[in-house]
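Enquirer: got a sequence here, can you build the structure:
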Amino acid sequence: MNIALITGASSGMGMEFARQLDRSLHKTDEIWLLARRREPMEELARTLQHKTQIIAMDVTLDSAVKQFAEVLAISNPKITVLVNCAGVGKYGKFAHQSDEEVSNMMQLNIVALTRMTKLCLPYMRRGSKIIQLASGAAFVPQKAFAVYAASKAYVYSLSRALNKELAERGIRVMAVCPGPVNTPFLSRAYGEDSNIGRLKKLATMEAESVVNKAVMDCKRGKSVSVCGLPMKALYYATQGIQNLLCKFT
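Expert: Numbering: from 1, shown residues only. The predicted structure is shown next:
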């Protein structure tokens, strides 16, 4: 049985990936939707053409991850696509953020993503793909978004490294690095609309466009997907600086 597995599938980017992969995957038997909230995934499943499995779980809980590992062992699927979209961000100065807010970002954005990737790898074969939702915040440090940006820099670095490591197995890994996307994430992360800077507002894109670009880039075998001129400019600028620094180190 060939499956596509999407985490964070109850809203935003995860939900949009489910919709677009449902239209573009022709050799996949089922789409597995994974997130904490069951009801939004049930509503989404009713709109999809593929047979859908709904897994309501918190990927930050050890007990839940162990149970999911048992599900994989029993089902023994071939994972053709893994999309890690589960993530959280909180705007605010590091010194003023609660321990819980900081821990949540690290546990979900870094630890859970890494564990899910590691857990799924034995069920992937040549031609399988891993799509990791990073961010344009991965390219440069972000004042008042320090932990979130650092966590996405980890996702970006991990994805680039795994793409090299897994090439000999024929498994491709791609980091998706959008700027601000018009999803519920923005209101949860920034709270008041006034916290979103003017430039970020101008650079905000729709989830449909970002995911469409990511799906096309994944088919083309790209290791990084960057959507929109502002983010592309930032990406190429930072890449140029990194390449320059490498010559002197």
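Enquirer: tell me how many other residues crowd residue 131.
Expert: Per other CB atoms under 10 Å, the neighbour tally for residue 131 reads 25. The way it works is simple: take the backbone N, C-alpha and C, and place the C-beta from them, glycine included.
Enquirer: list phi and psi for residue 79.
Expert: Dihedral angles of residue 79 (phi, psi; degrees, to the nearest 10) stand at phi -90, psi 110.
Enquirer: can you pull out the strands in the protein?
Expert: 2-7, 30-35, 51-56, 78-84, 129-133, 172-176, 224-225 (DSSP state E).
Enquirer: which neighbouring elements make contact with the third one?
Expert: It refers to strand 51-56. Where contact means 3 or more CB pairs under 8 Å, 6 or more residues apart in numbering; DSSP states H and E, strand 51-56 is packed against strand 30-35, helix 38-45.
Enquirer: partner strands of that strand, with direction?
Expert: strand 30-35 (parallel) (DSSP bridges).
Enquirer: closest to residue 94 out of the strands of the chain?
Expert: strand 129-133 (22.5 Å; CB to CB).
Enquirer: one step back: looking at the helices and strands packed on strand 51-56, which one is packed in the most?
Expert: Each of the helices and strands packed on strand 51-56 was scored by mean neighbour count; the highest is strand 30-35, a mean of 24, by mean count of other CB atoms under 10 Å.
Enquirer: got the contact list for that one?
Expert: Strand 30-35 is contacted from outside by 1-11, 14, 18, 21-22, 25, 41, 44-45, 48, 50-57, 59, 68, 77, 86, using CB atoms under 8 Å, 6 or more residues apart in numbering.
Enquirer: and residue 216, how many neighbours?
Expert: 13.
Enquirer: nope, residue 186 is what I meant
Expert: 20.
Enquirer: renumber starting at 9 from here on
Expert: OK, 9 is where the count begins now, so the last one is residue 194.
Enquirer: hang on, it packs against residue 188?
Expert: Yes - under the criterion of CB atoms under 8 Å, residue 194 makes contact with residue 188 at 6.3 Å.
Enquirer: PyMOL command to pick out the buried ones of the contacts of strand 38-43?
Expert: Selection of buried members from these for PyMOL, criterion 16 or more other CB atoms under 10 Å:
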select buried, resi 11+12+13+14+15+16+17+18+19+22+26+29+30+33+49+52+53+58+60+61+62+63+65+67+76+85+94
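Enquirer: can you tell which of the helices and strands packed on strand 59-64 is closest to residue 221?
Expert: When the helices and strands packed on strand 59-64 are compared (using CB to CB), the closest one is strand 38-43, at 20.3 Å.
Enquirer: coming back round to it: for residue 242, which of the helices and strands packed on strand 59-64 is the nearest?
Expert: Of the helices and strands packed on strand 59-64, nearest to residue 242 by CB to CB is strand 38-43, at 29.4 Å.
Enquirer: residue 214 reaches residue 189, doesn't it?
Expert: Yes - here residue 214 lies in contact with residue 189, judged by CB under 8 Å, at a distance of 7.3 Å.
Enquirer: compare the two (neighbour count), which wins?
Expert: Between residue 214 and residue 189, counted using other CB under 10 Å, residue 189 has the larger neighbour count: 24 against 13.
Enquirer: per-residue pLDDT, the more buried one?
Expert: As predicted, residue 189 sits at a pLDDT of 90.
Enquirer: appreciated, that's everything.
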